[in-house]
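> Here's a sequence, model it:
(one chain, ligands or ions: 2)
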Amino acid sequence: MSGPVIEVVSPADNRVIGQVSEARADDVDVAVHAARAALESGAWANSTAEDRAAVLDAIAAGIKARSGEFADLSSAEVGSPRAWASFGQVSTAVGVYAASAKALRTYEFESTRPSVIGGEVLVRRVPVGVVGAIVPWNAPLFTAALKLAPALAAGCTVVLKPSPDAPLALALFSEVLEQAGLPAGVVNIVSGGVETGRALVSNPGVDKISFTGSTAAGARIGEACSRDVRRVTLELGGKSAAIVLDDVEVDKKLIDGLVTGVMANNGQICVAQTRILVPRGRYDEVVEPLAEAVSAMRVGDPADRATEVGPVINAAARDRIEAAVSGAVAEGARVVAGGTRPEGLDAGSYVAPTVLADVDNQMAVARDELFGPVAVVVPYDDEDDAVRIANDSEYGLAGAVWSADTSRATRVAGRLRVGSVSVNSPAPVDFGSPFGGFKKSGFGREGGPEGIDAYVEAQSIIL
Ligand SMILES: NC(=O)c1ccc[n+]([C@@H]2O[C@H](COP(=O)([O-])OP(=O)(O)OC[C@H]3O[C@@H](n4cnc5c(N)ncnc54)[C@H](O)[C@@H]3O)[C@@H](O)[C@H]2O)c1
Ligand SMILES: C[N+](C)(C)CC=O
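Ligands and ions are numbered 1, 2, ... in the order given. Okay, the predicted model is just below:
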């Protein structure tokens, strides 16, 4: 790469832990040409589904074999607690490649149907072509897997751009790709920031952009793609709600689930259920143990296996989150856990895990995505009110419903205008099922056969 060196800094102590070279527009062009040549050679696009599925399985096995290294590196560059990184950063990626291989083995690339004017129509699903995949820093291996696995399953070739804040795990991943038997040029990785991303988005050799990141950047990318009539998938921000229904039993499972739902990866997960909606009549019964559990969380060095909350990605993010908490307090919110900077951790960008009670859904802290370890607890009157508040957001990514009655929770889940909802669990993502946003959380889906649909063009041949 011809650009300057990007130093990757640990959010735990600001130490330089690695470096990559920035790709300039010329380098991006070389990568796109390599992907185009690999596509047109047909070696990958025309291979059998079983051959491609075997490569996806080999990628899953390759990551698994080096899972300790991947977890160490993701923990160091993102600040994810090491104990969580094994699952959240690594097993998730393994699960996505394995689930895509499974979906690919039964995916219908060709079918025939009777023509309405007589005869038959052969409907083919052909690769969309060269894909530009752009990912954020919070879960690099996982978010890249959600793009690479279905794109490769469809027979596409890819130019992948990691975030300059966390490019190291994906640099290591290139070794897994080499060993998995992918033909040369099928996946190309270019490092860099916004300018590198822009060069990829506007390169005429790219047929589709698949982006995960903030809604602001996604809107700009969507605009650029629509100008060039380029296909685009956007996985954007969220402000998800966990609805605690009035029949719930307040036990360890509920409190642990609510805490995990918001604090996993230091609150830096797009599906974080940062708004906890609690029936007014049972408010204190939930807020008190929640505040106690969050106050007891071990904050510190992400490499320490006992750590539950590490630093946020950088000092600017810490300052923004702290300002949002102060703003909420000025608006009348009550701090019941955290709220002050953790002591003795000044070398890194730490935010104490925080719970704010007495929050109204109109407050900025309940509307803006903070991407940090901050939960707000909003009281509601009845089930309709809970659904109304949950849906009163410009985002629509995910949610959770907690209840003693699974059928009731499932019915409430179905009323939420979001892409995925978990019932009595904090994890609204299933590797084999569609995942994506309503409203300003984006459009398009990743995961399962629907994930492969996003990387094919339908072609009808009228016989
Ligand atoms: N919906 C999801 O699946 C999902 C998953 C993870 C993170 N996110 C969102 O990502 C955000 C945090 O990540 P971030 O700070 O890295 O987001 P970001 O939008 O700043 O950047 C994401 C990626 O896009 C690149 N980029 C930014 N502007 C660009 C442009 N104009 N053209 C091309 N590339 C550009 C960045 O270099 C980075 O690689 C949060 O909003 C979070 O909700 C969403
Ligand atoms: C969980 N994931 C990776 C799908 C999206 C947010 O981080």
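> Enumerate every residue touching residue 331.
Neighbouring residues of residue 331 by Cβ atoms under 8 Å, 6 or more residues apart in numbering: 360, 363, 364, 365. In this view, the C-beta of every residue, glycine as well, is placed from N, C-alpha and C.
> Which of these ranks first by neighbour count?
Using other Cβ atoms under 10 Å as the neighbour criterion, residue 365 leads the contacts of residue 331 with 24 neighbours.
> Farthest-apart pair in the contacts of residue 331, please.
Using Cβ to Cβ, the two most remote members of the contacts of residue 331 are 360 and 364, lying 10.5 Å apart.
> And the average pLDDT for stretch 111-123 is what?
Averaged over stretch 111-123, pLDDT sits at 96.
> Would you pull up the residue in the stretch 151-300 of the chain closest to ligand 2?
The nearest approach of the stretch 151-300 of the chain to ligand 2 comes at residue 270, 3.2 Å away (Cβ to the nearest ligand atom).
> And that residue, how close does it get to residue 346?
As for residue 270, its distance to residue 346 is 29 Å (criterion: Cβ to Cβ, to the nearest Å).
> coming back round to it: the contacts of residue 331 in helices, which ones?
Among the contacts of residue 331, DSSP state H puts 364, 365 in helices.
> Any chance of a markdown table for the contacts of residue 331, columns distance to residue 155 and pLDDT?
Shown next, in a markdown table, are the contacts of residue 331 (distance: Cβ to Cβ, whole Å; pLDDT from 0 to 100):
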| residue | distance to residue 155 | pLDDT |
| --- | --- | --- |
| 360 | 50 | 98 |
| 363 | 48 | 98 |
| 364 | 45 | 98 |
| 365 | 45 | 98 |
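> Closest to residue 176 out of the contacts of residue 331?
Proximity of those to residue 176 (Cβ to Cβ) peaks at residue 365, which lies at 40.2 Å.
> Now the closest one. Nearest residue, chain neighbours left out?
residue 328 (3.8 Å; Cβ to Cβ, 6 or more residues apart in numbering).
> Quick check: that neighbour touching residue 367?
No: with contact defined as Cβ atoms under 8 Å, residue 328 does not reach residue 367; the gap is 10.7 Å.
> These two - which one has more neighbours?
Higher neighbour count among residue 328 and residue 367: residue 328, with 25 against 15, using other Cβ under 10 Å.
> For the closest residue to residue 5 other than its chain neighbours, list each beta-bridge partner.
In this structure, residue 5 finds its nearest non-sequential neighbour in residue 19, 5.0 Å apart by Cβ to Cβ, 6+ apart. Going by DSSP bridges, residue 19 is paired in beta bridges with residue 7.
> separation between residue 19 and residue 162?
Applying Cβ to Cβ to residue 19 and residue 162 gives a distance of 13 Å.
> rewinding a little: the residue of the stretch 151-300 of the chain closest to ligand 2: neighbour count?
Residue 270 has 27 neighbouring residues, counting by other Cβ under 10 Å.
> The nearest residue to it once chain neighbours are set aside: what's it in contact with?
Distance criterion Cβ to Cβ, 6+ apart; nearest residue to residue 270, sequence neighbours excluded, is residue 238 at 5.1 Å. Going by Cβ under 8 Å, 6+ apart, residue 238 touches 270, 271, 272, 369, 395, 396, 397, 398, 437, 441.
> run the last query once more with 10 Å
215, 269-274, 369, 371, 393, 395-399, 418-419, 428, 437, 439-442 (Cβ atoms under 10 Å, 6 or more residues apart in numbering).
> just to revisit the earlier point, which residue of residue 19 and residue 162 possesses the greater neighbour count?
Counted by other Cβ under 10 Å, residue 19 and residue 162 do not tie: residue 162 has more neighbours, with 28 against 13.
> isn't that one right next to residue 192, touching?
Yes: counting by Cβ atoms under 10 Å, residue 192 is a contact partner of residue 162 at 8.7 Å.
> Please enumerate the shared neighbours of these two.
Common neighbours of residue 162 and residue 192 (Cβ under 10 Å, 6+ apart) are residue 20.
> Could you report the neighbour count for whatever residue of the stretch 51-200 of the chain ends up closest to ligand 1?
When scored by Cβ to the nearest ligand atom, the stretch 51-200 of the chain has residue 197 as its residue closest to ligand 1, at 2.1 Å. By other Cβ under 10 Å, the residues close to residue 197 number 25.
> swap in residue 306?
For residue 306, using other Cβ under 10 Å, the count is 10.
> Please apply the same query to the one 4 residues further on.
Counted with other Cβ under 10 Å, residues neighbouring residue 310 total 29.
> Report pLDDT for it.
98.
> my read: it touches residue 350, true?
Yes: because the distance of 7.7 Å satisfies Cβ under 10 Å, residue 310 is recorded as touching residue 350.
> Overlap of the contact sets of these two?
Both residue 310 and residue 350 are contacted by 11, 12, 79, 266, 299, 300, 301, 373, under the criterion Cβ under 10 Å, 6+ apart.
> Turn those residues into TSV, columns for distance to ligand 1 and secondary structure.
Listed next are the shared contacts of residue 310 and residue 350 as TSV, based on distance: Cβ to the nearest ligand atom, whole Å; DSSP: H, G, I helix; E, B strand; the rest coil:
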residue	distance to ligand 1	secondary structure
11	13	coil
12	18	coil
79	13	coil
266	12	helix
299	21	strand
300	23	coil
301	23	coil
373	14	coil
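> what's near enough to touch residue 85?
Taking Cβ under 10 Å, 6+ apart as the test, what residue 85 contacts is 67, 70-76, 78-79, 91, 139, 141, 169, 265, 302-303, 310.
> Quick check: which of the residues you listed are also close to ligand 2?
residue 139 (Cβ under 6 Å from any ligand atom).
> Any of the contacts of residue 85 buried? List them.
The neighbour count (16 or more other Cβ atoms under 10 Å) marks 67, 70-76, 78-79, 91, 139, 141, 169, 265, 302-303, 310 as buried among the contacts of residue 85.
> In helices only, show me those residues.
Filtering these for helices - DSSP H - leaves 67, 70, 71, 72, 73, 74, 75, 76, 78, 141, 169.
> Spatially, which two of the shared contacts of residue 310 and residue 350 are the most separated?
301 and 373, at 15.6 Å, using Cβ to Cβ across the shared contacts of residue 310 and residue 350.
> Straight-line length of stretch 374-386, end to end?
One end of stretch 374-386 sits 20 Å from the other (Cα to Cα, to the nearest Å).
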